[in-house]
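> 3D model of this:
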Amino acid sequence: MSVSIPARTGLCLLTAISFASAQEVTAPPPAPTVEPGLEEAVKWPWKAAPSDPAVWGRFAATEPETPAPAVPAAPAPGTPAAPAAPTTPKATAPEQALDHTVAKGESLTLIARRYHITLDQLRLFNSLKSDMIQVGQVLRIPGIADLKALMAAAPPKTAAEPGKAAPRPRTPDPAPTVLIAKKPRRALPPAAWGAASLVQTQAFLDRQGFTIGPIDGTTGPIYEAAFRACEQARPGLLFTPDGQPSDAMKAMGGAYTEYELRPDDLRWISDTPEPPRKKDTPPPVITFADLTKETFLAYRSGWEFVAERFHASEAFLRRINPHIRSPNTPGTTYLVPNVVPFEIEKALAEPLQPAADPAVPVRATIVELKRLVIRRGEEVIASMPVSVARPGLRGRGTWKILDAIPRPQLVSSGSITSPLPAPAVLPPGPNNPVGFAWINLAKAADTAPLPYGLHGTSIPGHMMKQESLGGFRLTNWDLARALRLLPAGTELTWE
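Next comes the predicted model:
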């Protein structure tokens, strides 16, 4: 039996089908689940092995490497951080109006100070009837032109009416909070201004050893976990009871600083020019052949080098540096988070691991395969994100930290059922899948290292999402910190 469909209904159905088909065609491809270039290699067994120190870097250093500074003991709760060098930044409002999302601990007064405007200007520009604001609320920050318009529109001040007391003079606001650790060479772009408050908190957490992975000026589960861990370990270190930044955070000197790319930095950056990229376009495809043909897996661009040096998301670094057109040119100045930088040229200075102190033993715990917590005695001295490189890896009971392998290369004979004609080698470098160092692990009663260790990564922004090689990974900058805190023989437990 045939069924007739009214013409209008049929047209609607065809339109819906056509729209659905168009949606299917234009839908973006799914995000990769494996680190680029390793799609087949993740199925093979790999071994970390030492490499020749002579190939560490694209060329020899022109400046002598200095020993890495000793990791200082974690400050006692409530102890202010060492103040930064005195600075005299010019306090100016943003050039253009921008949006600011209210973060935890912020007040209207604090936001006004951070943008170098008055509380009255912020109230007036947002038509606020009170000073009550909520986390997540978006405030509009006036630019210089907006401030001039507000001043022109303000009613003239009049004398007090007869019989009424003159208005009480308003106490001026204290000096504005510094947003940058030294005077910037140019006005901060809107993306940097809008994220400054949160970046300052993230950078301060990082300095205290409670890291969030790449700093990006946004909140999320990893940031919240670091925030809670710091609050629990050192109550009051982050904010005062009324929600203001603590003296220790203020002493840090602000959310940002600047870094000028040096000629010696090119030692760590690929000499292959980065192809031009339009906004929001994916990076070039990386193949296994690309990885194995090199003798040193360098950073692919100045963007990647500076992002890792200052613990930042590369995408965020690009947003707060829209002026940069030549990222690999010495002399290029980057605006960066105000953290203690990861200096790859010093990160492997001997001794890599500290000596054990039986009086104050160090213990490490991996919690829910998400965070590595390090304690000295009963005090938490570091808490950092960790992820499983290969799915299915787990730990239980008590393990042990062994020695470290600096500058690791990875070697594999390929699939067990179909071995390669010659072993494949992934050369050393910061973009080796296990990063710049590997820490051997063993079961508590054994001395033989396991085939998977604690190591770095070449994909800090994706290590929670993409499979790779190795065992349990940290960002390279977190691994550099962990190396200096974990003596050989340290107990590693699982929760």
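> Helices of the stretch 101-250 of the chain, start to end?
Ranges of helices in the stretch 101-250 of the chain, per DSSP state H, counting those that start in this stretch, are 108-114, 119-125, 144-153, 190-207, 221-233, 247-251.
> brain fart, the stretch 351-495 of the chain
Secondary structure of the stretch 351-495 of the chain (DSSP H, counting those that start in this stretch): helices at 476-483.
> Spatially central residue for this protein, please.
Pro214 (1.5 Å; Cα atoms, centre = their mean).
> List phi and psi for the nearest residue to Pro330 once chain neighbours are set aside.
Excluding its sequence neighbours, the residue lying closest to Pro330 (Cβ to Cβ, 6 or more residues apart in numbering) is Pro263, at 4.6 Å. Any C-beta I mention is one placed from the backbone N, CA and C, and that applies to glycine too. Note on Pro263: its backbone torsions stand at phi -60, psi -40 [degrees, to the nearest 10].
> Next, count neighbours for Pro263.
Close neighbours of Pro263, defined as other Cβ atoms under 10 Å, add up to 11.
> And it, what's its pLDDT?
We have a pLDDT of 94 for Pro263.
> where are the low-confidence patches of the stretch 151-300 of the chain?
The model of the stretch 151-300 of the chain has pLDDT under 70 over residues 151-186, 274-281, 283.
> mind listing the strands in it by residue range?
256-260 (DSSP state E, counting those that start in this stretch).
> OK, contacts around the spatially closest residue to the residue nearest to the centre of the chain that is not a sequence neighbour?
With sequence-adjacent residues excluded and distances taken as Cβ to Cβ, 6+ apart, Pro214 is closest to Ser313, at 3.9 Å. Shown in contact with Ser313 (Cβ atoms under 8 Å, 6 or more residues apart in numbering): Pro214, Ile215, Asp216, Ala307, Gly461.
> cutoff 10 Å now
Ser313 sits next to Gly213, Pro214, Ile215, Asp216, Gly217, Thr218, Ala307, Arg319, Pro337, Pro460, Gly461 when contact means Cβ atoms under 10 Å, 6 or more residues apart in numbering.
> quick one, what contacts the fourth one?
Listed by Cβ under 10 Å, 6+ apart, the contact set of Asp216 reads 195, 198-199, 202, 223, 312-317, 319, 337, 461.
> Quick check: it vs Ile320, distance?
Plainly put, Asp216 is 10 Å away from Ile320 if you go by Cβ to Cβ, to the nearest Å.
> shared neighbours of these two, anything?
Common neighbours of Asp216 and Ile320 (criterion: Cβ under 10 Å, 6+ apart): Ala195, Val199, Ala312, Pro337.
> Among the contacts of Asp216, which one sits closest to Leu469?
Of all the contacts of Asp216, Leu469 sits closest to Gly461, with 17.4 Å by Cβ to Cβ.
> is it true that Tyr223 touches Leu198?
Yes. Contact status for Tyr223 versus Leu198: in contact at 8.2 Å, counting by Cβ atoms under 10 Å.
> Which neighbours do those two have in common?
Listed contacts common to Tyr223 and Leu198 are Ile215, Asp216, Gly217; contacts here mean Cβ under 10 Å, 6+ apart.
> My guess is the last one contacts Ala255. True?
Which is Gly217. Yes. Applying Cβ under 10 Å as the test, Gly217 and Ala255 come out as touching, 8.8 Å apart.
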